[in-house]
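J.: sharing a sequence plus its predicted fold:
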Amino acid sequence: MIGVTIFVFVGLLSIDALWLAFVPAGAYLCIHVIEGETVTPMLLARRFTINPVLVILSIVFWYWMWGVLGVILAMPMLAITKIILRSAPTSQRTWPFHRRIKRAHPRTTPRVQRCKRSQH
């Protein structure tokens, strides 16, 4: 809103026609809304996804703990928690299917056998 107010004042001071004075503020507002409501969410959704159930549970929990301030801070805290847990080395070790995938990796067994056969 501060940006729109600045554009309105500058438009009123520099443009003679009253309706033309509001055009820069309207253009700024349209660009800002389009960017904030469509472009940024689409770019962020590709790189960072959070389970919707966790979002709801986080909002409910933090509203219960801190009220409205908790609701405002729930998503940033959930995102930070996800980033920390993803980068922790213990999260990779405790992943339930880690051992199965590691054992069933197709390159390990054939490559070792090929090397042993070619050396003989």
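T.: Yep, it's here.
J.: what's the spacing between Ala74 and Val33?
T.: For Ala74, the distance to Val33 equals 24 Å [C-beta to C-beta, to the nearest Å]. In this view, the C-beta of every residue, glycine as well, is placed from N, C-alpha and C.
J.: the two: who's more crowded?
T.: Higher neighbour count among Ala74 and Val33: Ala74, with 21 against 10, using other C-beta atoms under 10 Å.
J.: for the protein, give me the ranges with low pLDDT.
T.: Residues of the chain that meet the criterion pLDDT under 70 lie in 90-120.
J.: now Leu43: how far from Ile83?
T.: 17 Å.
J.: which helices and strands does the helix or strand encompassing Ser58 pack with?
T.: Following DSSP states H and E, one finds Ser58 within helix 52-66. Applying 3 or more C-beta pairs under 8 Å, 6 or more residues apart in numbering; DSSP states H and E, one finds that helix 52-66 makes contact with helix 68-87.
J.: next, the angle from the helix it packs on to helix 52-66.
T.: Calculated by axes from the mean of the first three to the mean of the last three C-alpha atoms, to 10 degrees, helix 68-87 forms an angle of 130 degrees with helix 52-66.
J.: what's the first-to-last distance across stretch 42-57?
T.: End-to-end distance of stretch 42-57 (C-alpha to C-alpha, to the nearest Å): 23 Å.
J.: could you list the domains of the protein?
T.: 1-47, 50-106 (automatic domain parsing).
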